[in-house]
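*Asks:* Need a 3D model of the sequence below.
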Amino acid sequence: MKMIGILGAGAWGTALALVARRAGRDVILWAREPDVAQAINARHENPVFLPGIALDPGIRATTALAALAAADAVLLVVPAQYMRATTRALAASLGQRRPPVVLCAKGIEDGGALMTEVVAATLPGCAQAVLSGPTFAKEVARGLPTAVTLATTDPALGDALLRAIGTPTFRTYLSPDPVGAEVGGAVKNVLAIACGIVIGRKLGDNARAALITRGLAEIVRLATAIGGRRETCMGLSGLGDLTLTCNGPQSRNLSLGIALGQGRRLAEVVAERRSVAEGVASAAAVIARARREGVDMPIVAAVDAVLNRGADIEAELHALLARPFREETDALLARTTA
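*Replies:* Predicted coordinates for the structure are as follows:
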């Protein structure tokens, strides 16, 4: 894999372009915004989505999807709700070529489809992998030590991708469980909003620790119901990513939840931001998939109610605290308990 194509020049896509360059790959980075592509090519920076980070001059940006046809692998880094439309357009631009793709967006499509399911429908014939884990884009871009999960059912593809993008500071651990990696990455964004609400409401560190732990149980229940592995949820793409997003000040989802907990309106907070907080769209999508699978996810349901159904935060908190007491291990393992 000599050339890596990257679909999406937001903060995470740009950071991954730097990762691939450090691993010695040629990089073509697709940007939707012409001004972003121009800045990357002319000034070697992305002032819109990753300001303050110098980019390797070998990173070439483009607004033409057809340019990705030359890539040996394509990293898909567009937000989850735009994945279907963008990959449909990519399929037309690739012609007969079907390079392997790596899903790097952490979200579930409105209606409940996983990103692997979306790409299977829009890019048939492309081998897939999922890249997920505790990753703040700015830290990755600066070359700070990071560890991620690279999940695929194709061992040969996993080995090729590991050698293509893995470096001493971007440690890549293989997994055979794309479903578990995907679910962990998507649900943790919703749980981070919940943690932010706890902080904004000044409910204390005990409450936040309890929410993270019980939230992990919800991740496990949904992942295993779809066919994922419990141990994946305890690794980098599950517990690792959940811990980072629910505690790190850089987390967009956490900061959005803090603002909501302090009494601000969702529309007001979203309007101030250019970057996407995936948990906002994923809350309803996760609940849609959970209901399809017969899985109870009370914390995610409460966040969805606040974000999308006009529910009162205090009422949702009261409902969660009023749930019946149970055995902790039963609550972790069973689909319908919390």
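
*Asks:* can you give me the strands for the chain?
*Replies:* 3-7, 26-30, 59-62, 73-76, 101-103, 128-132, 146-151, 170-175 (DSSP state E).

*Asks:* what helices or strands is the second one leaning on?
*Replies:* Packed against strand 26-30 by the contact rule (3 or more C-beta pairs under 8 Å, 6 or more residues apart in numbering; DSSP states H and E) you find strand 3-7, helix 11-22, strand 59-62. (Each C-beta comes from the backbone N, C-alpha and C, glycine too.)

*Asks:* if we look at the second one, which residues are touching it?
*Replies:* I take that to be helix 11-22. 4, 6-7, 9, 27, 29, 40, 46, 49-50, 53, 55-56, 58-59, 75, 77, 104, 135, 137-138, 140-141, 143, 164-165, 167, 169-170, 275 (C-beta atoms under 8 Å, 6 or more residues apart in numbering).

*Asks:* show me what contacts residue 131?
*Replies:* Neighbours of residue 131 in contact, by C-beta under 8 Å, 6+ apart: 75, 102, 103, 104, 148, 149, 150, 151.

*Asks:* Report pLDDT for residue 335.
*Replies:* Confidence at residue 335, expressed as pLDDT, is 57.

*Asks:* In contact with residue 287, which residues are there?
*Replies:* Contact partners of residue 287, counting by C-beta under 8 Å, 6+ apart, are 297, 300, 301, 304.

*Asks:* Near the nearest residue to it once chain neighbours are set aside, how many other residues are there?
*Replies:* Of all residues not flanking residue 287 in the chain, residue 304 sits nearest, at 4.9 Å (C-beta to C-beta, 6 or more residues apart in numbering). By other C-beta atoms under 10 Å, the residues close to residue 304 number 25.

*Asks:* now residue 329
*Replies:* 9.

*Asks:* Nearest residue to the middle of this structure?
*Replies:* By C-alpha atoms, centre = their mean, the chain has its centre lying nearest to residue 106, at 1.8 Å.

*Asks:* Quickly note the distance from it to residue 236.
*Replies:* Look at residue 106 and residue 236: by C-beta to C-beta, to the nearest Å, they are 13 Å apart.
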